[in-house]
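Engineer: Could you work out the structure for the sequence below:
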Amino acid sequence: MDWLTYFQQNSTGRANIPWQDGIVVEPHLHKPLIRSLQRFQVGEQGDGVHLKRGAAATGDPSYSATISLFIAEEQEHARLLARVIQGMGGSLLKRHWSDTCFVFVRRMLRLKLELMVLLVVELIAKRYYRALYEGTSDTVLRAVFAQIVHDEEGHVAFHCDYLHGALSTLPASVRFMVLMSWQLFFNTVCLVVMYDHRSVLRATGVSPLAFWCDCGQIFNEAAQHIFNRAPVLDNIHTK
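Structural biologist: Numbers count the residues shown, from 1 in each chain. Model prediction:
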């Protein structure tokens, strides 16, 4: 798939969000949603300097340009979430311990491992934003979350595509150990997210077991793509 073209087209085909309608969120969802989005918003607003440097080191200008567009899309998510939070009367966080930990870990790693750490968050975000989309009837929120879910589908497929090629030359035994370590890391992060965002998941009607199982399925699909080249790109399309 031509990922550079995909991201270029996706940047011009953004959803029409009816901000003029205002945000009227369900009372039981109001406080948990603000608290939860504040944490995700912090993680979306990074400048991506370390990731850009790693992409440039590959010597592939097309991949480097695509990474820049991916980072811009993440920053657009931060802008959307900031507007949602403020539209609900909330304030923005300057930092959060979870984001600080992820940034620290990612900056210690080379590109392939940094992408695998980043991909863990993207995989969980797919289920998280779908829960928010399905858990509210507000038109502004649903439009924002639908756009982010669409973007996350592309992000996951893009990183899986690159990692498949990058890891395919490793011996089978090494790839197996990488997969097992990655799954352990994913499970740990998933449990942390479930606990830290338990209030909003409960408010949207998603049980811990359902969230855990759904995230596990999303992980398995990504692992199949990376390590076995299973076709998981069917839902990705250009606008």
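
Engineer: CA atoms for contacts and neighbours, from now on please.
Structural biologist: OK.

Engineer: which stretches of the protein have low pLDDT?
Structural biologist: 95-110, 229-239 (pLDDT under 70).

Engineer: For it, which segments count as helices?
Structural biologist: Secondary structure of the chain (DSSP state H): helices at 3-12, 27-44, 49-56, 61-87, 97-107, 111-134, 139-167, 172-196, 198-203, 208-228.

Engineer: Tabulate those helices (CSV), appending distance to residue 21 and mean neighbour count.
Structural biologist: CSV is the format used below for those (distance: least, CA to CA, whole Å; neighbours: other CA atoms under 10 Å):
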stretch, distance to residue 21, mean neighbour count
helix 3-12, 23, 17
helix 27-44, 17, 19
helix 49-56, 36, 17
helix 61-87, 11, 19
helix 97-107, 32, 14
helix 111-134, 17, 20
helix 139-167, 7, 20
helix 172-196, 30, 15
helix 198-203, 23, 20
helix 208-228, 31, 17
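
Engineer: Can you get me a residue count around the nearest residue in space to residue 139 that is not next to it in sequence?
Structural biologist: Among residues not flanking residue 139 along the chain, residue 18 sits closest, at 7.2 Å (CA to CA, 6 or more residues apart in numbering). Neighbour count for residue 18, taken as other CA atoms under 10 Å: 13.

Engineer: and residue 18, how far is that from residue 116?
Structural biologist: Distance check for residue 18 against residue 116: by CA to CA, to the nearest Å, it reads 35 Å.

Engineer: same question, residue 195
Structural biologist: Counting by CA to CA - residue 195 and residue 116 are separated by 22 Å.

Engineer: before we move on, what about residue 146?
Structural biologist: For residue 146, the distance to residue 116 (CA to CA) stands at 24 Å.

Engineer: Now do the same contact list for the residue nearest to residue 139.
Structural biologist: Applying CA atoms under 8 Å, 6 or more residues apart in numbering to residue 18 gives the contacts 139, 140, 143.

Engineer: Kindly indicate which of the residues you listed lies nearest residue 3.
Structural biologist: Comparing the contacts of residue 18 against residue 3 with CA to CA places residue 143 closest, at 24.1 Å.

Engineer: so how far is residue 155 from the residue positioned nearest the centre of the chain?
Structural biologist: Centroid-nearest residue in the chain, with CA atoms, centre = their mean: residue 122, separated by 2.6 Å. Residue 122 sits 7 Å away from residue 155, taking CA to CA as the criterion.

Engineer: same check, this time on residue 92
Structural biologist: According to CA to CA, residue 92 stands 25 Å off from residue 155.

Engineer: what's the answer for residue 60, then?
Structural biologist: Counting by CA to CA - residue 60 and residue 155 are separated by 18 Å.

Engineer: Am I right that residue 14 is in contact with residue 146?
Structural biologist: No: contact criterion CA atoms under 8 Å: residue 14 and residue 146 do not qualify, at 10.6 Å.

Engineer: Which residues does stretch 202-217 contact?
Structural biologist: Residues from elsewhere that reach stretch 202-217 (CA under 8 Å, 6+ apart): 28-29, 32, 123-124, 127, 131-132, 134-136, 190-191, 194, 198, 201.

Engineer: now, the most widely separated pair of these?
Structural biologist: The most widely separated members of the contacts of stretch 202-217, counting by CA to CA, are 28 and 123 (26.6 Å).

Engineer: wait, doesn't residue 197 sit right on residue 34?
Structural biologist: No: applying CA under 8 Å, one finds residue 197 not in contact with residue 34, separated by 10.8 Å.

Engineer: How much space separates residue 62 from residue 22?
Structural biologist: Residue 62 sits 40 Å away from residue 22, going by CA to CA.

Engineer: Which member of the contacts of residue 18 is positioned nearest residue 68?
Structural biologist: Using CA to CA as the measure, the one of the contacts of residue 18 that approaches residue 68 most closely is residue 143, at 24.5 Å.
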